[in-house]
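Visitor: Okay, sequence plus prediction incoming.
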Amino acid sequence: PEIVGNLLTRNLLMRSWLLNDGLRWLVVALWLGTNVGLFIGFYLKFAEEDHYYYLRKVLLVGALGTARGAAACLNFNCMLVLFPVCRNLISMFRGSCRCTPRSVRRLLDKNITFHIYIAISIVFWAAVHTGAHMFNYLRFIRSWEDKVGPNDEILVTLLPHGINPVDKPGVDEATALFTTVAGITGVVIVTCLFLMVTSSIEIVRRFFFEVFWYTHHLFVVFFISLIIHGMQGIVKGQTNPETLTAKLDPIINYSHQDPVVCYAYQTSNFDAVHCSNISCLQNQYGPQLQSYCSTKKAVIESGGAKTWQWVILPLAFYFVERLVRFCRTSPEVIVLKVLSHPSRVLEIQMRKKGFHAAAGQYVFIQIPNVRFFEWHPFTLTSSPEEDYISVHMRVVGDWTEAVAQRCGMGTDLEFQPRHRMPSIFIDGPFGTCSEDIFKHEVGMAIGTGIGVTPFASILKSCWYQSLEPNKYTSMKLKKVYFFWICPETEAFEWFQSLLSNIEQQMVETGNTDFIEYNIYLTRGWDFKTAHQIYMREEDDGDAITGLQQKTKFGRPNWDEIFPEIARQHPGNEVGVFYCGPKALSKTLHQKCNEHSKNGMQFLYNKENF
């Protein structure tokens, strides 16, 4: 029985894993398989085809095949890397196309994750490609001075005909590198890639966002250099190869040439040719082989640049994406009100003509007076039912600090009047996973600290829609479990008014079961606060928030919470939506998989932007 129980448990865990992560890892597996297939295919092409027989005699087979295989994978990944950051395209598939399945929408929410995966692969293949070609350059240079192999006179005579980009002996490595288009653009590509990747690490993005923002726009230089990189056509091959056999007509086709036979003939090394009846070939064509194998008959040319064929479509899509963003950002918004909340949180209420957003969506904000080229993402905290749009921003960096000062926050001056407020432009809205909470009967909304902002809009919208069920007949949501985990007491204050209003309206309408909220304080209380909490334990309201729901201390016990929700809603799909640090995200993801059993499914979703 114990063995059977373990097998059933593993089967349930596998089913829940497939439900939450199966499609994601299937896409990753297909992507990795395509990379491996491209590398092997191009490696074998340059390692075996007769077109590159003479080139392989100058270079080593492994280095040539490795460089070209890595180049193919680079082209493939550079084709993909822009699609995950086409926000309008993703939002269109996610929100506008009603036929998009929920599993595909959840996959689209991982767009930044896929962008990172692809970027890592670009770095890997760029390193492989660069390393292999550095070796190839050394072989090109030394082929003028040293014999590549025994009796390789034919290669020396071929060098002036273009098979070697180094056109004379005695050239040093640096000169050879910086006198070719591929060498110069290769250095530019590697430099741009290094700057973009190193500025993308989390600590830089969090504390030096401007560095990340500006260096990431080196992608323009990166793609231009990538397209130009292969235009000189350094990798060349024979365009007129043929396979000569003893069964051919004695009249030889002089417009083509068998590189294997001719190399053997020129080097008097017929035994090295793996070809049947080679002695018969020599006997039959003996007098004609010298003319047939003249190096002038071997046409050595480049296959031309190929990269542009890979990246032209995504670049066109991205150009349209940026054009849409540019057109949509005008005109600027009208600032209605600016509010200062505890914990250095700034709220900006705005209005823009023709702007419509769903609950849980986000926008990008630009304030030219602060940083002209910078756009920063913020979740909308207003609901679609309200006549304004609002965002809450925590003042924790140079940009937000400058915005706060422009608005008068943190100074001795009062907040600026409306006509003196800085100009604000917004781009969006863009869809996120949180807006899918309305597609479930039961939803869990979990936020930590300022990560609660996506759920401000959702809780408001849930409440407005629950008050008018006849108007919002398509709303499927029947129950919301809200969890807010805060590290300090001050963080509660700016969100407290919203919860207080919802709590009061739930009591007045007798609909107290619709939203069940749980607030956790993980730290930030002293002896005085603890004593006050103890003295007011029997009061109806909470000593910290003033709400009817008591604040809980410590971290949530998810192994108790998930089974309890499963007990109250047997056989249902529960949408779990989270916004906050990665550490808790991993825990919640794991718990969703563990507790999806007996017909109960916890579908995990995390905010990503």
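Guide: Nice, I can see it. Residues are numbered from 1 along each chain as shown.
Visitor: any weak-confidence spans in the stretch 151-300 of the chain?
Guide: Filtered on pLDDT under 70, the stretch 151-300 of the chain yields the residue ranges 151-162, 167, 170, 243-255, 265-297.
Visitor: longest helix anywhere in the chain?
Guide: Ordering each helix of the chain by length in residues (DSSP state H) puts helix 111-142 first.
Visitor: which ones are touching residue 177?
Guide: 137, 183, 187 (Cβ atoms under 8 Å, 6 or more residues apart in numbering). C-beta coordinates here come from the backbone N, C-alpha and C atoms, glycine included.
Visitor: Of the residues you listed, which is the nearest to residue 39?
Guide: Closest approach to residue 39 among those (Cβ to Cβ): residue 137, at 21.0 Å.
Visitor: Burial check on the nearest residue to that closest one once chain neighbours are set aside, number of neighbours?
Guide: The shortest distance from residue 137 to any non-neighbouring residue, by Cβ to Cβ, 6 or more residues apart in numbering, is to residue 176 (5.9 Å). Applying other Cβ atoms under 10 Å, we find 16 other residues in the vicinity of residue 176.
Visitor: Compute the distance between the spatially most central residue of the chain and residue 347, please.
Guide: Nearest to the geometric centre of the chain sits residue 115, at 1.5 Å (Cα atoms, centre = their mean). Residue 115 is 30 Å from residue 347, where distance means Cβ to Cβ, to the nearest Å.
Visitor: picking up where we left off before, how much space between the residue nearest to the centre of the chain and residue 440?
Guide: Distance of residue 115 to residue 440, given as Cβ to Cβ: 27 Å.
Visitor: residues of the longest helix of the chain that come out buried?
Guide: Under the neighbour-count criterion of 16 or more other Cβ atoms under 10 Å, helix 111-142 has 111, 114-115, 117-119, 121-122, 125-126, 128-130, 132-133, 135-137, 139-141 buried.
Visitor: Same list (the contacts of residue 177) but as a markdown table, adding distance to residue 238.
Guide: Shown next, in a markdown table, are the contacts of residue 177 (distance: Cβ to Cβ, whole Å):
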| residue | distance to residue 238 |
| --- | --- |
| 137 | 21 |
| 183 | 24 |
| 187 | 30 |
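Visitor: thinking again about what came up before, tell me the average confidence for the longest helix of the chain?
Guide: Average pLDDT, helix 111-142: 88.
Visitor: now for that helix, which elements pack on it?
Guide: helix 23-48, helix 61-80, helix 173-178, helix 181-198 (3 or more Cβ pairs under 8 Å, 6 or more residues apart in numbering; DSSP states H and E).
Visitor: And the pLDDT for the nearest residue to the residue nearest to the centre of the chain once chain neighbours are set aside?
Guide: Distances taken as Cβ to Cβ, 6+ apart put residue 84 closest to residue 115, at 3.9 Å, once the chain neighbours are dropped. On the pLDDT scale, residue 84 is placed at 90.
Visitor: and if you look at the one 3 residues further on?
Guide: At residue 87, the model reports a pLDDT of 84.
Visitor: so who does the closest residue to it other than its chain neighbours touch?
Guide: Nearest residue to residue 87, sequence neighbours excluded (Cβ to Cβ, 6+ apart): residue 430, at 5.0 Å. Contacts for residue 430 (Cβ under 8 Å, 6+ apart) come out as 87-88, 90-91, 361-364, 609.
Visitor: Mind listing what's buried along stretch 182-192?
Guide: 182-186, 188-190, 192.
Visitor: Run a quick neighbour tally on residue 215.
Guide: By other Cβ under 10 Å, 18 other residues sit near residue 215.
Visitor: Now do the phi/psi pair for the nearest residue to it once chain neighbours are set aside.
Guide: Nearest non-adjacent residue to residue 215, counting by Cβ to Cβ, 6+ apart: residue 199, 4.2 Å away. Dihedral pair for residue 199: phi -80, psi 0, per degrees, to the nearest 10.
Visitor: what does the one 5 residues further on give?
Guide: When quoted as degrees, to the nearest 10, the phi and psi of residue 204 stand at phi -70, psi -40.
Visitor: surely it meets residue 211?
Guide: Yes - counting by Cβ atoms under 8 Å, residue 204 does reach residue 211; the two are 5.8 Å apart.
Visitor: Which stretches in this protein count as strands?
Guide: Taking DSSP state E, the strands of the chain run over residues 236-238, 300-302, 334-341, 345-351, 362-366, 376-379, 389-394, 425-430, 442-448, 479-486, 515-521, 552-553, 573-579, 601-606.
Visitor: got the ones you listed as a markdown table, with distance to residue 585 columns?
Guide: What follows is these, written out as a markdown table (distance: least, Cβ to Cβ, whole Å):
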| stretch | distance to residue 585 |
| --- | --- |
| strand 236-238 | 50 |
| strand 300-302 | 49 |
| strand 334-341 | 25 |
| strand 345-351 | 22 |
| strand 362-366 | 18 |
| strand 376-379 | 16 |
| strand 389-394 | 19 |
| strand 425-430 | 20 |
| strand 442-448 | 9 |
| strand 479-486 | 12 |
| strand 515-521 | 16 |
| strand 552-553 | 21 |
| strand 573-579 | 6 |
| strand 601-606 | 5 |
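Visitor: and residue 176, how far is that from residue 503?
Guide: 74 Å.
Visitor: same deal with residue 140?
Guide: Here the criterion is Cβ to Cβ. By it, residue 140 lies 76 Å from residue 503.
Visitor: what's the distance between stretch 177-187 and the middle of its chain?
Guide: How far stretch 177-187 lies from its chain's middle: 29 Å, per Cα atoms, centre = their mean, to the nearest Å.
Visitor: can you list contacts of stretch 460-480?
Guide: 359, 382-386, 437-445, 459, 498, 502, 505-506, 509, 511, 513-516, 569.
Visitor: Of those, which count as buried by neighbour count?
Guide: Applying 16+ other Cβ under 10 Å to these, the neighbour count classes 359, 382-384, 437-440, 442-445, 459, 498, 502, 506, 514-515, 569 as buried.
Visitor: ok, and for stretch 38-54, which residues are buried?
Guide: For stretch 38-54, by 16+ other Cβ under 10 Å, it's 38-39, 42-43, 46-47, 50-54.
Visitor: what do you get for stretch 336-356?
Guide: 338, 340-341, 343-350, 352, 355.
Visitor: same question, stretch 396-408
Guide: Within stretch 396-408, the residues scored as buried using 16+ other Cβ under 10 Å are 397, 399-400, 402-404, 406-408.
Visitor: So what's the residue count around residue 213?
Guide: If we define neighbours as other Cβ under 10 Å, then residue 213 has 17 of them.
Visitor: list the contacts for it?
Guide: Contact analysis of residue 213 by Cβ under 8 Å, 6+ apart lists 373-374.
Visitor: residues contacting residue 49?
Guide: residue 237.
Visitor: where does the stretch 1-150 of the chain have low pLDDT?
Guide: Those would be 1-21, 95-101, 144-150, if you go by pLDDT under 70 across the stretch 1-150 of the chain.
Visitor: For the stretch 501-609 of the chain, which residues score under the pLDDT cut-off?
Guide: Judged by pLDDT under 70, the stretches of the stretch 501-609 of the chain that qualify are 506-512, 523-550, 608-609.
Visitor: mind running it again at 80?
Guide: Under the criterion pLDDT under 80, the flagged ranges of the stretch 501-609 of the chain are 501-515, 521-554, 571, 597-599, 607-609.
Visitor: buried sites along stretch 356-369?
Guide: Under the neighbour-count criterion of 16+ other Cβ under 10 Å, stretch 356-369 has 357-367 buried.
Visitor: Between these, which sits nearest residue 33?
Guide: Using Cβ to Cβ, the buried residues of stretch 356-369 come closest to residue 33 at residue 362, 33.6 Å.
Visitor: ok, that closest one to residue 341 distance?
Guide: For residue 362 relative to residue 341 (Cβ to Cβ), the value is 19 Å.
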